[in-house]
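> Take this sequence and fold it.
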Amino acid sequence: MSFIWPHLLWMLLLLPLLVALYFWLLARKRKSTVRLASVTVAKLALGKGPGWRRHVPPLLMLAALAALLVAVARPTAMVTLPLSERTIILAMDVSGSMRAEDVKPNRLVASQEAAKTFVNALPREVRVGVVSFAGTAAVVQAPTTSRDDVIKAIDRFQLQRGTATGSGVILSLATLFPEHGIEIQHVTGQRNFNGGNGRSIAGKDPKAAAPEKVFTPVPAGSFNSAAIIMLTDGQRTTGPDPLDAAKMAAERGIRVYTVGIGTTTGETIGFEGWSMRVRLDEDTLKSISQMTLGEYFYAGTAEDLKKVYEGLSSRMVVERKETEVSALLAGLGALLAALAAGLSVWWFGRVA
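Numbers count the residues shown, from 1 in each chain. Take a look at the predicted model:
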């Protein structure tokens, strides 16, 4: 816990003075005695004393004052809060190597099933978009809250040659920030940036796109309303450098969570009369996640991949942030003060 106004904590030194004053008053009260004829008469006059209960209300009032004094110093703490608005882009590899069957039934099907389970587990208010990438990248579903549309888009994946991991990240950023004017012709191979339905990613006609905003870099990981989850099984063979793409994401505060599936040692995969050698480039994927303050996950089996997405679903809907908790302490102080007054009235018929 830290404090915005820590110098006000000096007021807590008043508490020991109040405790000393309380004991001084008790001692003074004991000295104010009345002479009675005998001890028996004195006991009858006193009756049954309040005992320990007499100290409870003052103790509660002291605790209330302490809580209020700490609240004045404006304490802050790291708390976990639900996100009121969130957009997630699934950037998924659809290169030919995803046909490999080392992950059952094959890498593509396993990734599709895990992604669909992940999407269905998200709160309904979370918007999800889907970007596929191989030699180029394409937006197969613009961000939406419709789970049916997202699942249909994932089911429409078609395998292609090449692995352009950088293109997947850049197009995901352009989907999240259509107003930033991110250059994507070299990423998509198309002149117009649209979601495959005749509209721009912002939901407007491409000819009537909003004017570009001046881009100002922000701290890495600071944009908590969106994130990118990228899954790939190979190393980059074409397209822009993925580390340059990661730098673009970091400058926009977007976290990129990378998921690696397949072999890290390299493997030759052949189908439909041609073959290629693929290797999972873990170093690059780890660098992407580190640069953007995301996280890297390796999934060697379909079950591993499912667990990765289950873990990601919990990360995507909450955030940890430093929040002022003065109100909580002020409320606690008020509650303790009310309790002290209530007990005093209940036990002694007055506010002590």
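
> The closest residue to F118 other than its chain neighbours: what's it in contact with?
Of all residues not flanking F118 in the chain, Y309 sits nearest, at 3.9 Å (C-beta to C-beta, 6 or more residues apart in numbering). The C-beta positions use only the backbone N, C-alpha and C, and glycine is treated the same way. Y309 makes contact with 114-115, 117-118, 259, according to C-beta atoms under 8 Å, 6 or more residues apart in numbering.

> so how far is the helix or strand Y309 falls within from its chain's centroid?
In the assignment (DSSP states H and E), Y309 maps to helix 302-315. Its chain's C-alpha centre and that of helix 302-315 lie 16 Å apart, by C-alpha atoms, centre = their mean, to the nearest Å.

> any idea of the mean pLDDT in it?
Average pLDDT, helix 302-315: 81.

> Just the buried positions in it, please.
Across helix 302-315, burial judged by 16 or more other C-beta atoms under 10 Å covers 302, 304-306, 308-309, 312-313.

> pull the CA atoms of it into PDB?
Presented in PDB, the C-alpha positions along helix 302-315 are these (Å, rounded to 0.1, in the frame of the first residue of the first chain):
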ATOM      1  CA  ALA A 302      -4.400 -30.400 -28.000                       C
ATOM      2  CA  GLU A 303      -5.000 -30.700 -24.200                       C
ATOM      3  CA  ASP A 304      -2.100 -28.200 -23.500                       C
ATOM      4  CA  LEU A 305      -3.600 -25.800 -26.000                       C
ATOM      5  CA  LYS A 306      -7.000 -26.000 -24.400                       C
ATOM      6  CA  LYS A 307      -5.500 -25.300 -21.000                       C
ATOM      7  CA  VAL A 308      -3.600 -22.300 -22.400                       C
ATOM      8  CA  TYR A 309      -6.900 -20.800 -23.700                       C
ATOM      9  CA  GLU A 310      -8.600 -21.500 -20.400                       C
ATOM     10  CA  GLY A 311      -5.900 -19.600 -18.600                       C
ATOM     11  CA  LEU A 312      -6.100 -16.700 -21.100                       C
ATOM     12  CA  SER A 313      -9.900 -16.400 -20.700                       C
ATOM     13  CA  SER A 314      -9.400 -15.400 -17.000                       C
ATOM     14  CA  ARG A 315      -6.700 -12.800 -18.000                       C
END
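
> still on that earlier bit, nearest to L21, of the contacts of Y309?
L21 has its nearest neighbour among the contacts of Y309 in F118, at 61.6 Å by C-beta to C-beta.

> And the pLDDT for that closest one?
Note for F118: predicted pLDDT of 91.

> if I've got this straight, it is in a helix?
Yes. Counting by DSSP: H, G, I helix; E, B strand; the rest coil, F118 is part of a helix.

> Report the separation between the residue nearest to F118 and N120.
The gap separating Y309 from N120 is 11 Å, by C-beta to C-beta, to the nearest Å.

> Same question for T237.
Taken as C-beta to C-beta, the span from T237 to N120 is 32 Å.

> Of the two, which one has the most company?
Higher neighbour count among T237 and N120: T237, with 16 against 11, using other C-beta atoms under 10 Å.
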